[in-house]
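starting from these lines, generate the structure:
(chains A, B, C and D)
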Protein chains: 2
Amino acid sequence: MLFFRGINSINLDVKGRLAIPKRYRESIADASDNQLVATIDLHSPCLLIYTLDEWEVIERNLMSLPNVDPQARLYQRLLLGHASEMEMDSQGRVLLPSLLRDHAKLDKNAILLGQGNKFELWSQEAWDAQRPDMLDSAASNQISESLASLTL
Amino acid sequence: MLFFRGINSINLDVKGRLAIPKRYRESIADASDNQLVATIDLHSPCLLIYTLDEWEVIERNLMSLPNVDPQARLYQRLLLGHASEMEMDSQGRVLLPSLLRDHAKLDKNAILLGQGNKFELWSQEAWDAQRPDMLDSAASNQISESLASLTL
DNA sequence: CCACCTTTCCCCACTTGTCGCCACTATATT
DNA sequence: AATATAGTGGCGACAAGTGGGGAAAGGTGG
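This is a model prediction of the structure:
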């Protein structure tokens, strides 16, 4: 089973290519023949990067939502509409479509977060700006019900 | 199975032609011999573009609706009435009928969104104007029941 | 019925973006 | 300290995107 962990500081090249860290490459090659899919995150200014097979699961779930629900339609439009297939080249790099780079304000310095079945890709600036807030709200005492059962 | 994804920035030429991005062309050629159908979207100021065979499914469903239902008749009139067949030329371009271009306020800069069995075609202006609102409402915390089951 | 005008379509040229290759640098390992 | 390996960046070839000219087809008006 495929599971991505860890934080990586990565430089995009001037053409917007992202070099996937070596330690992830083999499992990506095995899982989906070097095919990745990037889309936007709806809650944070970052991109989500899935292996193609993981993405197809998401996609099936998305498309099975009731078509009459306006919010479901919105999700479909945004997530599917931004989902871009990318293929790792022989050096383990993928070209990020410029419209997606724009969305996440990605230029050179980026942060790649392993998040289980996907990666999150942040611009360094956005990450640095939001990390303190994330830590603060995580540290606050308001534990949601779903978290209450968690033993760390 | 045919499945369109992703966002594309595209320039229409002065004659109103749309060049389909290369990566979609082969599946369109395979699925429906370069035949596409465009119609209007009923909820947003954009056009919907189907392969001919996918459109024929929609069409059958539309026509099987009860004829006495005024809303069904409305849908039939609008969707079927605006549906225009288009053929990709040797360079992968289709001519968008001027009445459809007018409906979606399309001039030069356009955004083509892959949406599963169809594409959505937006004018750049309309897309830029609506995208922030769409992101806002997608990010809002009011998650409808149907979305609650979705794991991204 | 003919002439003219507009629309559509094809072809070619040019520009831009994409991709592969290679070299250099930094980091880790023995 | 030397060597190997991953990361980074630049160059160049090629493909895709874009735009314009002109021929053909279709429609309109005299």
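
so the residue nearest the centre of chain A: helix, strand or coil?
Nearest to the mean C-alpha position of chain A, by C-alpha atoms, centre = their mean, lies A:Leu48 at 1.7 Å. Here A:Leu48 is strand, with the state taken from DSSP: H, G, I helix; E, B strand; the rest coil.

tell me how far it lies from B:Gln35.
From A:Leu48 across to B:Gln35, the span is 34 Å (C-beta to C-beta, to the nearest Å). Using the backbone N, CA and C atoms, a C-beta is placed for each residue, glycine as well.

ok, now A:Asp13?
40 Å.

those two: which has the busier surroundings?
Between A:Asp13 and B:Gln35, counting by other C-beta atoms under 10 Å in any protein chain shown, B:Gln35 is the more crowded of the two (18 against 11).

tell me the bridge partners for the residue nearest to the centre of chain A.
Note on A:Leu48: beta-bridge partners by DSSP bridges are A:Thr39, A:Glu120.

what residues are up against it?
A:Ala38, A:Thr39, A:Ile40, A:Asp41, A:Lys118, A:Phe119, A:Glu120, A:Leu121, B:Leu152 (C-beta atoms under 8 Å, 6 or more residues apart in numbering or on different chains).

isn't the fifth one right next to A:Asp53, touching?
Spelled out, that is A:Lys118. No - counting by C-beta atoms under 8 Å, A:Lys118 does not reach A:Asp53; the two are 11.9 Å apart.

count of neighbours near A:Asp136?
A:Asp136: 9 surrounding residues under other C-beta under 10 Å.

er, A:Thr151 actually
3.

mind listing what A:Phe3 touches?
A:Gly114, A:Gly116, A:Asn117.

let's see it at 7 Å
If you count contacts by C-beta atoms under 7 Å, 6 or more residues apart in numbering or on different chains, A:Phe3 has them with A:Gly116.

against chain B, how distant is it?
15 Å (C-beta to the nearest C-beta, to the nearest Å).

got it, and A:Val94?
Counting by C-beta to the nearest C-beta, the gap from A:Val94 to chain B is 14 Å.

quick check: the closest residue to that residue other than its chain neighbours vs A:Ser137, distance?
Among residues not flanking A:Val94 along the chain, A:Met86 sits closest, at 4.0 Å (C-beta to C-beta, 6 or more residues apart in numbering or on different chains). Using C-beta to C-beta, A:Met86 is found at 32 Å from A:Ser137.

again, but for A:Ile40
Separation of A:Ile40 from A:Ser137 (C-beta to C-beta): 22 Å.

which one's more surrounded, the two?
Neighbours were counted for A:Ile40 and for A:Ser137 using other C-beta under 10 Å; A:Ile40 has more, 23 against 9.

so that one touches A:Tyr75, yeah?
No - using C-beta atoms under 7 Å, A:Ile40 is not in contact with A:Tyr75, being 11.3 Å away.

who touches both of those two?
With contacts taken as C-beta under 7 Å, 6+ apart, A:Ile40 and A:Tyr75 have no neighbour in common.

next, see if the lowest-mean-pLDDT helix or strand in chain A gets close to chain B.
Ranked by mean pLDDT, DSSP states H and E, the weakest helix or strand in chain A is helix A:145-148, scoring a mean of 80. No - Helix A:145-148 is not in contact with chain B by C-beta under 7 Å from any C-beta of the partner chain; minimum separation 11.7 Å.

for that helix, packing partners?
If you count contacts as 3 or more C-beta pairs under 7 Å, 6 or more residues apart in numbering or on different chains; DSSP states H and E, helix A:145-148 packs onto no helix or strand.

so how far is that helix off the chain centroid?
From the chain centre to the centre of helix A:145-148 is a distance of 24 Å (C-alpha atoms, centre = their mean, to the nearest Å).

which one's the longest helix in chain A?
What stands out as the longest helix in chain A, according to DSSP state H, is helix A:124-139.

helices or strands up against that one?
strand A:109-115.

how near is A:Leu42 to DNA strand D?
Plainly put, A:Leu42 is 27 Å away from DNA strand D if you go by C-beta to the nearest atom of the strand, to the nearest Å.

who touches that residue in this structure?
A:Leu78, B:Leu135, B:Ala138, B:Ala139.

narrow those to those that are buried.
Buried members of the contacts of A:Leu42, scored by 16 or more other C-beta atoms under 10 Å in any protein chain shown, are A:Leu78, B:Leu135, B:Ala138.

follow-up on the earlier one: from the contacts of A:Leu42, which single one is nearest DNA strand C?
Nearest to DNA strand C out of those is A:Leu78 (C-beta to the nearest atom of the strand; 20.7 Å).
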